[in-house]
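Student: Quick check, what structure comes out for this input:
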Amino acid sequence: MLTPISETIDPEVFMAPINGRLYEFVDTPGFGDTRRTDEEILRCISEYFAARHASGELFHGVIYLHSIAHTRVSGSMMAQIRAFKAICGSGFFSRLVIGSTFWETMTDLSIALANEQQLFFSSDGYFEDVIDLGAQTTRVFQTYEACLEAVLMVPDDEPLPLQIQSELEGDADFNHTTAAASILPAEQLRLQQEHERQMREEQEAAERQRLDGERRAAEEADRVARAIAEVEQQRLLELQRRQREYEEAERQRMAAERQRQIEREAEMLAADHRRREAALAAERKAEAERKAADQRRAEEEEARREREQREQRMREHRAQEQAQQARLKRMERSREGYRSWHISWVSSISVDACPVLVLLRVGLRLNADAEHEHSITVPEFVTGPAVMPG
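Tutor: Numbers count the residues shown, from 1 in each chain. As a prediction, this is how the structure comes out:
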């Protein structure tokens, strides 16, 4: 929404739901502001539209509000109207709604109607060309209905880019746009363009100088970098040499350490072997002593057993001798008894009564350790045959 006079300093965005749809309104600063020049205001509006276009945002329409109280159009206001037309462009005029405002402040309605006729409907009207290309006009009172009517007059078509948006695409300069040319006097514009040309030339010279300085600085930096690289290469080679020397010394140290370790291990193995040999010799000595002790104990045991056997045989021999003597004594007693019995028996038998020859023989054999034999022979008595009576 563009206005010739507004208290807005920068474009402001408002959202409002209307008839179930959400509308976005952009309230732009108005021209004729005492705080800024029309050029600054136009530049502000143009940069805002260019930024919205760069982000891919377009507009459905523009509502331009013009006070009906202005009885005549000054040169500055004409420049503002030209700037407004240049901002929109002829291709966007069919999307314009031009609203006349401040009807409530007009005490003489005829003057307001004459101003409206002069602005919109006369052959030399200031908006005649815009209206001929499809722009619409309306009276905007300070009521909700009047404002809503102005909003709904905007065609519901696909959004289009404003002319200022198309002219500022890329890195285009604002001073070369149609809107800038419409608001600045021709001589001022020429001087400004000349100044801008000089500024560009100075900037280009400064840029060339900067590029030359950067090139020289780059060459110097490259030379320094090469020198640093050479120094770094030398330092790296020195470090590698020292690293090789260190690795060689470390290798020799490790080899000497391994040799010492091998010698220590050999000494330890030799000492361990000697300890094992000594332990084995001690064990063999102890085993020999144990065997000798066992042999002595065995010999002593054998001697004890032999001694016990001899003692046993001697006891048995004495026991046999005692038994033999006891038998001899019993036999002697038996022989004495027999003799006594025989004598008494013989003396009691008559020879005539015993004509049978009786042979009596008593033999006795005694064995003692199967070494000798004792025989006792009782004399034989021969008698004549016994004559049994009758």
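Student: just for the chain, where's the confidence low?
Tutor: Residue ranges of the chain with pLDDT under 70: 1-8, 71-76, 171, 183-194, 338, 341-390.
Student: biggest helix in it by residues?
Tutor: As assigned by DSSP state H, the longest helix anywhere in the chain is helix 186-348.
Student: Show the secondary-structure elements that that helix is packed against.
Tutor: strand 363-368, strand 372-377 (3 or more CB pairs under 8 Å, 6 or more residues apart in numbering; DSSP states H and E). (Glycine included, C-beta is placed from N, CA and C.)
Student: hmm, try it at 10 Å
Tutor: helix 178-183, strand 363-368, strand 372-377 (3 or more CB pairs under 10 Å, 6 or more residues apart in numbering; DSSP states H and E).
Student: Show me how the record splits this protein into domains.
Tutor: With domains defined by automatic domain parsing, the chain comprises 12-184, 186-274, 349-390.
Student: which residues sit in contact with Thr178?
Tutor: Neighbour list for Thr178: Arg82, Ala83, Lys85, Ala86, Ile87, Gly89, Gln163, Ile164, Glu167 [criterion: CB atoms under 10 Å, 6 or more residues apart in numbering].
Student: separation between it and Val26?
Tutor: Distance of Thr178 to Val26, given as CB to CB, to the nearest Å: 20 Å.
Student: How about Ala112?
Tutor: Per CB to CB, Ala112 is found 28 Å from Val26.
Student: for Arg330, same thing?
Tutor: Taken as CB to CB, the span from Arg330 to Val26 is 168 Å.
Student: Neighbour count: these two, which is higher?
Tutor: Val26 (17 against 10; other CB atoms under 10 Å).
Student: can I assume the more buried one is in contact with His60?
Tutor: No: the criterion here is CB atoms under 10 Å, and Val26 misses it with His60 at 11.3 Å.
Student: Let me see the contact set for Gln165.
Tutor: So Gln165 contacts 46, 49-54, 57-59, 87, 89, 92 (CB under 10 Å, 6+ apart).
Student: Pretty sure Thr22 sits in a strand.
Tutor: Just to correct that, residue 22 is Leu rather than Thr. Yes: the assignment for Leu22 (DSSP: H, G, I helix; E, B strand; the rest coil) places it in a strand.
Student: Leaving out sequence neighbours, find the closest residue to Glu169.
Tutor: In this structure, Glu169 finds its nearest non-sequential neighbour in His53, 7.2 Å apart by CB to CB, 6 or more residues apart in numbering.
Student: returning to that earlier point: of the domains of the chain, which is nearest Arg304?
Tutor: Closest of these to Arg304 is domain 349-390, at 24.3 Å (criterion: CB to CB).
Student: residue contacts, the spatially most central residue of the chain?
Tutor: The chain has Gln243 as the residue nearest its centroid, 34.2 Å off, counting by CA atoms, centre = their mean. Gln243 makes contacts with Leu236, as judged by CB under 10 Å, 6+ apart.
Student: Can you tell me how far it is from Glu250?
Tutor: According to CB to CB, Gln243 and Glu250 sit 10 Å apart.
Student: Over to Phe102?
Tutor: 98 Å.
Student: Of the two, which one has the most company?
Tutor: Using other CB under 10 Å as the criterion, Phe102 and Glu250 rank with Phe102 on top: 17 against 11.
Student: Tell me the backbone dihedrals of the more buried one, please.
Tutor: phi 60, psi 30 (degrees, to the nearest 10).
Student: just checking, it touches Phe141?
Tutor: Yes: counting by CB under 10 Å, Phe102 does reach Phe141; the two are 9.5 Å apart.
Student: coming back round to it: take the contacts of Thr178 and lay them out in TSV including neighbour count.
Tutor: Converted to TSV, the contacts of Thr178 look like this (neighbours: other CB atoms under 10 Å):
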residue	neighbour count
Arg82	16
Ala83	27
Lys85	23
Ala86	22
Ile87	25
Gly89	18
Gln163	20
Ile164	26
Glu167	21
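Student: These in helices, which ones?
Tutor: Counting by DSSP H, these place Arg82, Ala83, Lys85, Ala86, Ile87, Gln163, Ile164, Glu167 in helices.
Student: Out of the residues you listed, which is nearest to Glu214?
Tutor: Relative to Glu214, the closest of those is Glu167; by CB to CB it sits at 33.2 Å.
Student: List the contacts of the closest residue to that closest one other than its chain neighbours.
Tutor: Excluding the flanking residues, the one nearest Glu167 by CB to CB, 6+ apart is Thr177, at 4.5 Å. Shown in contact with Thr177 (CB under 10 Å, 6+ apart): Leu42, Arg43, Ser46, Ala50, Ala83, Ala86, Ile87, Gln163, Ile164, Ser166, Glu167, Leu168.
Student: Val13 too?
Tutor: Shown in contact with Val13 (CB under 10 Å, 6+ apart): Glu24, Phe25, Val26, Asp27, Tyr48, Arg52.
Student: tell me the secondary structure for it?
Tutor: At Val13 the chain is in strand, as set by three-state DSSP.
Student: let's number from 32 now, not from 1
Tutor: Yep, numbering from 32; the last one is Val44 now.
Student: I would like a ChimeraX command selecting only the buried ones among the contacts of Val44, please.
Tutor: In ChimeraX, this line selects whichever of the contacts of Val44 come out buried by 16 or more other CB atoms under 10 Å:
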select :57,58,79,83
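Student: Of the contacts of Val44, which is the nearest to Gln234?
Tutor: Nearest to Gln234 among these: Tyr79, at 25.6 Å, using CB to CB.
Student: Tally up the residues packed near the nearest residue to that closest one once chain neighbours are set aside, please.
Tutor: Nearest non-adjacent residue to Tyr79, counting by CB to CB, 6+ apart: Pro42, 4.5 Å away. Using other CB under 10 Å, Pro42 has 17 other residues around it.
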